[in-house]
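*Asks:* Let's see this in three dimensions:
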Amino acid sequence: MGRDISEREYSAKDYERFNRCIHDQVDILKQVIEKPDFGTGELCLGAELEVYLIDKKSDVSPVNLLLLEMLNDEQFQTELNKFNLELNLSPVKAAGRPFSQLTKEMLTKFNYLWKVAAEIETRPLAIGILPTLKQKDLCHSNMTDLGRYRVLARELLKQRGEAFHIKIDGEESVDFKTSEVCVEGANTSFQVHLMTKKEKFANTFNTAQLTLPMALAVSANSGMLLEKCLWDETRVVLFKQSIDNRMPDASGWRQPARVTFGHGWLRKSGWELFSETVNLYQPIFPEIFEDDKQSEDELPELAELNLHMGTTWPWNRAVYSNKGKGHMRIEFRALPAGPTALDMAANAAFAIGMAVGLEDKIDEYMARIPFRFAEYNFYRAAKNGLDATILWPQNYQNKPVEVPIRNVIDDMLQVANDGLSELKIELTERDKFLNIIHRRLAKNINGANWTKQTVHHLRKSMSNDKACASMLDRYFENQMSGQPISEWEQCWK
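*Replies:* The predicted model follows:
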């Protein structure tokens, strides 16, 4: 999706040619992965941070193209909506102090962004969904004027044939229909990438799926949409509904959603996820690119396959790269943006630590937790955050039982520590970032309940729109201070 795509109408031949291409490339990928030296390079981490752009009144500021020109920094890129930007952080070695390195670069880049944005009276803000967002903001005129976004909007709506239905019930509720793909752009995240050894990919991926509810519950930071208090991680349901192009056929059958938790436990290798995506999902961009492979020793780019993978949005995604000796990595897509750089780095450390720390025991868990139970846990965590209960196996029980997710998170802190140790991450680094998670758990706080509780308190003395704007001012000041969410003032107490 990072490639620019010219706006044009696609023919049936375009789709036929592209479909043959990605099926052929799946077969090629299988051969590439089986090469003895594939994926033998040093393990690295990476991340992408999506941010909002807001004005002094806490409304959206649709100036991303102007701001990018002023920044003149290739690490900043466009997003679907004009009031969003993406920051691509530099890859870092997994061993040592990777989360401190990511934090440092985030702060350096964010401070530069803040300084430049101030020149046009704009404030950058890292939050899963902007609470002060209005439905009128989610319009075609606020979509970034680039070919790939225009084509994405056109093709998704064409496949569905009617408006998307957004219906979310939480503490409050929203219910509206829209033909604007800009609604999808309301979701901003901190997407973390973990390279894996190819022989461990399946285990690590399955463990990432199993433990994702715990990472999501403690990191939730998308508690409001359209000034309404909804799920703790409203992004999960909003993203799915905002680009759900499925329509039931005469038998009532619906194709798999393009935004999904997944379709089952991975059996052998990451190749299965690519094959699954090619065989389950209709292409959106049937674009053919020139192969930039320079010699027989170089690995193929598989640009068309990667493009197709980028038009489905699983919450954990497999990524192939042909750089160096090549590698497979897991993209953790469910973590929200914000509240601070330290919080986001801690979320990454916890998610990655759990995925690696439990990978050697994942067979035992898969035998005790059916995949649909793991999916249930994911949506319960998204809706209720730290107050969720999930299905989790207990000793000497005949079936998984409902337990508070807080209890499982507490147990997972040691698992995460072990996983980070396995990646050769320094003890002081592990302690620093996992303690941030521990503090949140001890205070029963995440970004979502801080925003909702603050708004509830402010509503007692002012209108809802003023309460949301006032809360966001406090959020922005706290974000700029850099202190983790667990240390923010709780005005409702």
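*Asks:* Now the helix or strand of the chain at the bottom of the mean pLDDT ranking: buried residues?
*Replies:* None of the helices or strands of the chain scores lower by mean pLDDT, DSSP states H and E than helix 147-160, at a mean of 84. Buried residues in helix 147-160, counted by 16 or more other C-beta atoms under 10 Å: 148, 149, 150, 151, 152, 153, 155, 156, 157. The C-beta positions use only the backbone N, C-alpha and C, and glycine is treated the same way.
*Asks:* I'd say the last one and residue 180 touch.
*Replies:* Put plainly, it is residue 157. No: if you go by C-beta atoms under 8 Å, residue 157 and residue 180 don't touch, sitting 9.0 Å apart.
*Asks:* show me where the stretch 351-493 of the chain has helices.
*Replies:* 362-368, 371-384, 405-422, 427-443, 447-459, 464-481 (DSSP state H, counting those that start in this stretch).
*Asks:* So for residue 47, which of those helices sits nearest?
*Replies:* With C-beta to C-beta as the criterion, residue 47 lies closest to helix 427-443 of the helices of the stretch 351-493 of the chain, at 13.5 Å.
*Asks:* Tell me which other helices or strands the longest strand seen in the chain touches.
*Replies:* Of all the segments of type strand in the chain, defined by DSSP state E, the longest one is strand 44-54. Judged by 3 or more C-beta pairs under 8 Å, 6 or more residues apart in numbering; DSSP states H and E, strand 44-54 is in contact with strand 84-88, strand 92-93, helix 98-118, strand 123-125, strand 190-196, helix 341-357.
*Asks:* can you give me the angle that strand makes with helix 464-481?
*Replies:* 140 degrees (axes from the mean of the first three to the mean of the last three C-alpha atoms, to 10 degrees).
*Asks:* what stretches of this protein score poorly on pLDDT?
*Replies:* 1-4, 160-161, 245-254, 291-296 (pLDDT under 70).
*Asks:* hmm, try it at 80
*Replies:* The model of the chain has pLDDT under 80 over residues 1-7, 157, 159-162, 243-255, 290-297, 396-399.
*Asks:* mind giving me TSV with the helices of the stretch 351-493 of the chain and columns for mean neighbour count and distance to residue 298?
*Replies:* Converted to TSV, the helices of the stretch 351-493 of the chain look like this (neighbours: other C-beta atoms under 10 Å; distance: least, C-beta to C-beta, whole Å):
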stretch	mean neighbour count	distance to residue 298
helix 362-368	15	34
helix 371-384	21	37
helix 405-422	19	31
helix 427-443	18	35
helix 447-459	22	43
helix 464-481	18	43
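*Asks:* Of all those, which one comes closest to residue 326?
*Replies:* Closest to residue 326 of the helices of the stretch 351-493 of the chain, according to C-beta to C-beta: helix 405-422, at 22.4 Å.
*Asks:* Report the distance from that closest one to the chain centre.
*Replies:* 21 Å (C-alpha atoms, centre = their mean, to the nearest Å).
*Asks:* what's the answer for stretch 25-34, then?
*Replies:* 26 Å.
*Asks:* May I see the buried residues of that stretch?
*Replies:* Judged by neighbour count using 16+ other C-beta under 10 Å, the buried positions of stretch 25-34 are 25, 26, 29, 32, 33.
*Asks:* if I look at the residue nearest to residue 86 when sequence neighbours are not counted, how far off is residue 479?
*Replies:* Among residues not flanking residue 86 along the chain, residue 77 sits closest, at 4.6 Å (C-beta to C-beta, 6 or more residues apart in numbering). Separation of residue 77 from residue 479 (C-beta to C-beta, to the nearest Å): 21 Å.
*Asks:* Spatially, what comes nearest to residue 226 if we skip its sequence neighbours?
*Replies:* residue 174 (5.4 Å).
*Asks:* measure that neighbour to residue 381 for me?
*Replies:* Distance from residue 174 to residue 381, by C-beta to C-beta: 20 Å.
*Asks:* likewise residue 235?
*Replies:* Using C-beta to C-beta, we find residue 235 at a distance of 12 Å from residue 381.
*Asks:* Residue 328 in helix, strand or coil?
*Replies:* Secondary structure, DSSP: H, G, I helix; E, B strand; the rest coil: residue 328 is strand.
*Asks:* For it, give me its contacts.
*Replies:* For residue 328, the residues meeting the contact criterion (C-beta atoms under 8 Å, 6 or more residues apart in numbering) are 33, 39, 195, 196, 198, 201, 270, 318, 319, 320, 321.
*Asks:* Tabulate those (JSON lines), appending secondary structure.
*Replies:* Output for the contacts of residue 328, formatted as JSON lines (three-state DSSP):
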{"residue": "33", "secondary structure": "helix"}
{"residue": "39", "secondary structure": "coil"}
{"residue": "195", "secondary structure": "strand"}
{"residue": "196", "secondary structure": "strand"}
{"residue": "198", "secondary structure": "helix"}
{"residue": "201", "secondary structure": "helix"}
{"residue": "270", "secondary structure": "coil"}
{"residue": "318", "secondary structure": "strand"}
{"residue": "319", "secondary structure": "strand"}
{"residue": "320", "secondary structure": "strand"}
{"residue": "321", "secondary structure": "strand"}
